[in-house]
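In: Please find the sequence and the predicted model below.
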Amino acid sequence: MPEPFQRTILSDIDIPFASLVLFFVKAALAAIPATFIVAFILALIGWLFRLVFGIGMMGGMMT
């Protein structure tokens, strides 16, 4: 029989300020290429959607 869960209460985290700043700087720098990758993937999905459904093609010919 599994043991019952024990609750844990975290009351304090001791992180030096310089380490915290360094972590946030690294996270901000890592977010820059990640943003380009996500934008590329979304553009690819949009391109495939337009390719499959023909949205945006021959728009001027529909009269």
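Out: Ah, there it is.
In: just how off-centre is stretch 24-37 within its chain?
Out: 10 Å (Cα atoms, centre = their mean, to the nearest Å).
In: just stretch 19-31 next, same as before
Out: 16 Å.
In: buried set for it?
Out: For stretch 19-31, a neighbour-count test (16 or more other Cβ atoms under 10 Å) marks nothing as buried. In this view, the C-beta of every residue, glycine as well, is placed from N, C-alpha and C.
In: Need the per-residue pLDDT for Met61.
Out: The score at Met61 is 53. That number is its pLDDT.
In: from here on, count from 49
Out: OK, 49 is where the count begins now, so the last one is Met109.
In: which residues of the protein score low on pLDDT?
Out: The chain contains residues with pLDDT under 70 at 49, 103-111.
In: got the residue ranges for the helices in it?
Out: Applying DSSP state H to the chain gives helices spanning 65-101.
In: what are the phi and psi angles of Pro52?
Out: Phi and psi for Pro52, reported as degrees, to the nearest 10, are phi -70, psi 150.
In: burial measure for it, as a count.
Out: By the measure other Cβ atoms under 10 Å, the count of residues near Pro52 is 5.
In: Relative to Ile63, how far out is it?
Out: Distance check for Pro52 against Ile63: by Cβ to Cβ, to the nearest Å, it reads 32 Å.
In: how far away is Ala87 from Pro81?
Out: Distance, Ala87 to Pro81, by Cβ to Cβ: 11 Å.
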